[in-house]
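Colleague: Okay, structure incoming, though there's no sequence with it:
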């Protein structure tokens, strides 16, 4: 089985040929940046066959440790509060990259009509049996969506895994109602923590495999708020909200929220960010 495709000769997002290799990560994979749209990605990227083998049984359908699940449900509850600033009444939601179903469970408990999707059909069958909800599975481009459309699509830490983000976001755009919303959460490769690790590595102060920030074992695209906005705009979305993501906003007091959430957001220090966008 061939592990890699041929290297890109143009940006897979905007088509520009002005690409530069900015990093060779701890796995020996080259990370390339587009000068026009600023997105970063592996080049060469893994082959479709390699990725299919990697993701076979990736989730296993388990729900995880009880403490982890409780934390995820609490975090998902906060995410839903952000989403409900824009959608006051729960409607139909597609949990894209459903995984173990913990967001789907939280959304259902808030009154949403949930459908789950993930590439792993075995995992999705287990989620469907546990939660009693409809699911879709398999390669995204091959899914039979019929005429189904949604008020909201939730994609948390999924896009960094997608080899064809332009195509896949186009599919998701088609699955949203007019005026529907898209939630995306991804790692922030321009976060202060990532930049500090990068410079520490260049200075020889950090081993290449320790505290990794380009996780090219399974991440193939790497985003910043700017490059994500460029991508979403190209796919026909209007970006309404971009925030540095942090569990700190679960803090109850205003003082704790400021130091653990608002201040890191201003300093760009969180390792991830989320976006809420709208289909016009």
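Modeller: Ah, there it is. On a predicted model such as this, the values are computed, not experimentally measured, just so you know.
Colleague: Would you check that residue 156 makes contact with residue 185?
Modeller: Yes: counting by CB atoms under 8 Å, residue 185 is a contact partner of residue 156 at 4.3 Å. The C-beta positions use only the backbone N, C-alpha and C, and glycine is treated the same way.
Colleague: Need the residues touching each of the two.
Modeller: 79, 274 (CB atoms under 8 Å, 6 or more residues apart in numbering).
Colleague: Let me see the contact set for residue 219.
Modeller: 160-161, 187.
Colleague: Of these, which is the nearest to residue 150?
Modeller: residue 161 (20.5 Å; CB to CB).
Colleague: what sits against the closest one?
Modeller: Contact analysis of residue 161 by CB under 8 Å, 6+ apart lists 97, 218-220.
Colleague: Then residue 150?
Modeller: 91-94, 115, 175-177, 180.
Colleague: change it to 6 Å
Modeller: If a contact means CB atoms under 6 Å, 6 or more residues apart in numbering, then residue 150 has 92-94, 175-176 as its contacts.
Colleague: So which of the residues you listed belong to helices?
Modeller: Judged by DSSP state H, helices contain the following of the contacts of residue 150: residue 175.
Colleague: Okay, now the unreliable bits of the stretch 51-200 of the chain?
Modeller: 57-71, 73, 191-200 (pLDDT under 70).
Colleague: Might one say that residue 154 is in contact with residue 182?
Modeller: No: using CB atoms under 6 Å, residue 154 makes no contact with residue 182, being 8.2 Å away.
Colleague: backbone phi and psi for residue 12, please?
Modeller: phi -70, psi -10 (degrees, to the nearest 10).
Colleague: again but with residue 137, I slipped
Modeller: Backbone phi and psi, for residue 137 under degrees, to the nearest 10, turn out to be phi -160, psi 170.
Colleague: For it, the count of nearby residues, please.
Modeller: The tally of other residues near residue 137 (other CB atoms under 10 Å) stands at 20.
Colleague: what do you get for the one 5 residues further on?
Modeller: Residue 142 sits with 7 neighbouring residues when counted by other CB under 10 Å.
Colleague: Identify the residues contacting it.
Modeller: Contacts for residue 142 (CB under 6 Å, 6+ apart) come out as none.
Colleague: So it versus residue 117, what's the distance?
Modeller: Going from residue 142 to residue 117 by CB to CB, to the nearest Å gives 12 Å.
Colleague: just residue 39 next, same as before
Modeller: With distances taken as CB to CB, residue 39 is found 24 Å from residue 117.
Colleague: Can I take it that residue 187 is in a helix?
Modeller: No: using DSSP: H, G, I helix; E, B strand; the rest coil, the secondary structure at residue 187 is strand, not a helix.
Colleague: and the closest residue to it other than its chain neighbours, bridged to which residues?
Modeller: Nearest residue to residue 187, sequence neighbours excluded (CB to CB, 6 or more residues apart in numbering): residue 272, at 5.1 Å. According to DSSP bridges, the partner residues bridging residue 272 are residue 187, residue 245.
Colleague: same question, residue 137
Modeller: Bridge pairing for residue 137 - DSSP bridges - gives residue 118.
Colleague: just checking, it touches residue 123?
Modeller: No: Residue 137 is not in contact with residue 123 according to CB under 6 Å; the separation is 7.9 Å.
Colleague: Which ones among the contacts of residue 161 lie within helices?
Modeller: Using DSSP H, none of the contacts of residue 161 sit in helices.
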